[in-house]
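Got a predicted model here, sequence first, then my questions.
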Amino acid sequence: MLLTEFGYTHAQLADEVNRVADDEFGESANCTDRHVRRRISGYVRRPWPRYLRLLEHIFGRSPQEMGFVLCTLTPPPFAPSKPTPAKEQRSVHRRTFIAASLATALGTEQTPQRGRLGMSDVDRIQTTITRLDAHFNGLGGDALVDVATDYLARLQRALDHCTYGERVGRALTRAVADVAACAGWSAHDCGDYARADQFRNQALQAALLTRAPVAVTRAWSDLAAQAEHAGRPGQAARINRAALAERHLRAQPLITALLHARLADCLAQTGDTAGMGRQLAAAERAYDRADDTVTAPSWLAFLTPAELTGLGAIAHQSAGQYARAEQQTAQALDLLDVRFTRNRSYYTVLRAELQLAQGHREQAAETVSHVPVSGVASSRIAARLERVTEAAHHGQEGRP
């Protein structure tokens, strides 16, 4: 046994893991003797890459030699065909370490993989999903996409290998739909649209299996957003209209408001500005019907008055009404809650793009200087920020 061979107790090995992590990555792995016992007992066969890398460093053994099964996020056990530059390699290790730390913080590693599951397990899973949604809404999807992908695989293994009753089975399948939807938006935030499309189709399949109307509507709405981004606003509009025709939406004013607002943008892109206006008005009416005393689903927490105003700005942008869109974007930023750092970055970049489209380069340059980038993890927003900053400072005008 490696502990005996190297003379470590459980607590000593945990301390060594944290020391090496601090040396390599500049922060502790938050490893405890409990983590060590779980891995030695065989309860955890697929540890996160940060632990594998650190344990490989400490013991000089491969994951297989230590009795581990390679997890989804673990790189292949062979050398790349081309040497990886040291700076790039460190960056990859850093991203992997951040994702692993995030998984620990969100509790995704705690999903049971065998035995009988009950509603208490479902409650813990739902708490984890709420944390996933809150992280995406607050900071973005770059680090979250790998965490959500791995958590999705864990939930699917639980469905395949655990035992449970019918009620728990439906709840687990609904959880798969929710996590796949979160993974889809996280991949979208990374600019990986093909992967986002796969996740969204997976969410729809799980939602249909569990026969949960809200989950099905959410999945259709996300696929509509995917079609719109791919340059198919007509298809996106048809999907949104079909979703709005569902009877259950009479009791779901927030989802109804979101669908109307997204449909408005689709219509703006097809040149139907009158239809855009009607849909934005319908979105506001639906939102006004929402009961403030009822807690919204965690994935809908972003849909505040600020976001509804911002969605209106996006629709007016698509219609070429840049001055109106800029006015609404400024209003959205004034209303936006401090916890939505990602969306503040998004709408600040959007405001700069709209200013640039109107030829106001100095204003755009001033606006981008206020984009809150600290802690935001969105490759898509970062790419847009880079483009608008370059254009603002070098006079490259154009439509956002």
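Received it, and whenever you're ready, just let me know what you need. Residues are numbered from 1 along each chain as shown.

Can you find the helix or strand in this protein with the smallest mean pLDDT?
Least confident helix or strand, the chain: helix 86-106 with a mean of 56, by mean pLDDT, DSSP states H and E.

In terms of secondary structure, what does the helix or strand hosting residue 382 contact?
Assigned by DSSP states H and E, residue 382 belongs to helix 379-394. Counting contacts by 3 or more C-beta pairs under 8 Å, 6 or more residues apart in numbering; DSSP states H and E, helix 379-394 is packed against helix 166-189, helix 341-357, helix 361-368. The C-beta positions use only the backbone N, C-alpha and C, and glycine is treated the same way.

just checking, what packs against the second one?
For helix 341-357, the contact count by 3+ C-beta pairs under 8 Å, 6+ apart identifies helix 119-139, helix 305-318, helix 322-335, helix 361-368, helix 379-394 as packing neighbours.

C-alpha coordinates for the shortest one, PDB please?
Extracted as PDB, the C-alpha positions of helix 361-368 are listed here (Å, rounded to 0.1, in the frame of the first residue of the first chain):
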ATOM      1  CA  ARG A 361     -16.000  55.800 -30.800                       C
ATOM      2  CA  GLU A 362     -14.900  57.900 -27.800                       C
ATOM      3  CA  GLN A 363     -18.000  56.900 -25.900                       C
ATOM      4  CA  ALA A 364     -17.500  53.200 -26.800                       C
ATOM      5  CA  ALA A 365     -13.900  53.400 -25.700                       C
ATOM      6  CA  GLU A 366     -15.000  54.900 -22.400                       C
ATOM      7  CA  THR A 367     -17.700  52.200 -21.900                       C
ATOM      8  CA  VAL A 368     -15.400  49.200 -22.500                       C
END
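
for that helix, what is the average pLDDT?
The average pLDDT within helix 361-368 is 94.

The third one now?
Helix 322-335 shows an average pLDDT of 97 in the prediction.

Pull the residues that contact that helix.
Here helix 322-335 makes contact (C-beta atoms under 8 Å, 6 or more residues apart in numbering) with 304-307, 309-310, 312-314, 316-317, 344, 347-348, 350-351, 354-355, 357-358.

And the first one, by the same measure?
For helix 119-139, the external contacting residues (C-beta under 8 Å, 6+ apart) are 102, 105-108, 110-112, 144, 147-148, 151, 155, 167-168, 171-172, 175, 178-179, 182, 185-186, 189, 298-299, 301-302, 339-343, 375-377.

Which of those are buried, as a ChimeraX select command?
In ChimeraX syntax, the buried subset of the contacts of helix 119-139 is picked out as below (16 or more other C-beta atoms under 10 Å):
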select :102,106,108,111,112,144,147,148,151,155,168,171,172,175,178,179,182,185,186,189,298,299,301,302,340,341,342,343,376,377
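
Show me where the stretch 251-400 of the chain dips below the pLDDT cut-off.
375, 395-400 (pLDDT under 70).

what residues go with each domain of this structure?
What automatic domain parsing lists as the domains of the chain is 1-71, 109-211, 321-400.

how about the ones you listed in a markdown table, adding distance to residue 258?
Below are the domains of the chain laid out as a markdown table (distance: least, C-beta to C-beta, whole Å):
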| stretch | distance to residue 258 |
| --- | --- |
| domain 1-71 | 34 |
| domain 109-211 | 13 |
| domain 321-400 | 14 |
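
can you tell which of those is closest to residue 289?
domain 321-400 (19.3 Å; C-beta to C-beta).

now, of the helices and strands packed on helix 379-394, which is deepest in the fold?
helix 341-357 (a mean of 25; mean count of other C-beta atoms under 10 Å).

Check the offset of that helix from the chain's centre.
20 Å (C-alpha atoms, centre = their mean, to the nearest Å).

Can you check what angle separates that helix from helix 379-394?
Between helix 341-357 and helix 379-394, the angle comes out at 30 degrees (axes from the mean of the first three to the mean of the last three C-alpha atoms, to 10 degrees).

what angle sits between helix 341-357 and helix 119-139?
Going by the same axes, to 10 degrees, helix 341-357 makes 30 degrees with helix 119-139.

tell me which residues in stretch 107-127 are buried?
By neighbour count on 16+ other C-beta under 10 Å, the buried set for stretch 107-127 is 108, 109, 111, 112, 117, 121, 122, 125, 126.

Give the residue spans of the stretch 1-150 of the chain that score low on pLDDT.
1-8, 20-30, 33-54, 56-57, 59-101.

follow-up on the earlier one: tabulate the helices and strands packed on helix 379-394 in TSV, adding columns for distance to residue 246.
Compiled in TSV, the helices and strands packed on helix 379-394 are given as follows (distance: least, C-beta to C-beta, whole Å):
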stretch	distance to residue 246
helix 166-189	16
helix 341-357	27
helix 361-368	40
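
Can you check which of these gets nearest to residue 241?
Taking those one by one with C-beta to C-beta, helix 166-189 is closest: 20.3 Å.

and the closest one, how far out from the chain's middle?
The chain centroid and the centroid of helix 166-189 are separated by 12 Å under C-alpha atoms, centre = their mean.

Tell me what angle the helix holding residue 382 forms with helix 361-368.
If you take the same axes, to 10 degrees, helix 379-394 sits at 140 degrees to helix 361-368.

Now helix 379-394: buried residues?
Across helix 379-394, burial judged by 16+ other C-beta under 10 Å covers 380, 381, 382, 384, 385, 387, 388, 389, 391, 392.

I'd assumed residue 352 was in contact with the last one.
Yes - between residue 392 and residue 352 a contact is recorded at 6.6 Å, counting by C-beta atoms under 8 Å.
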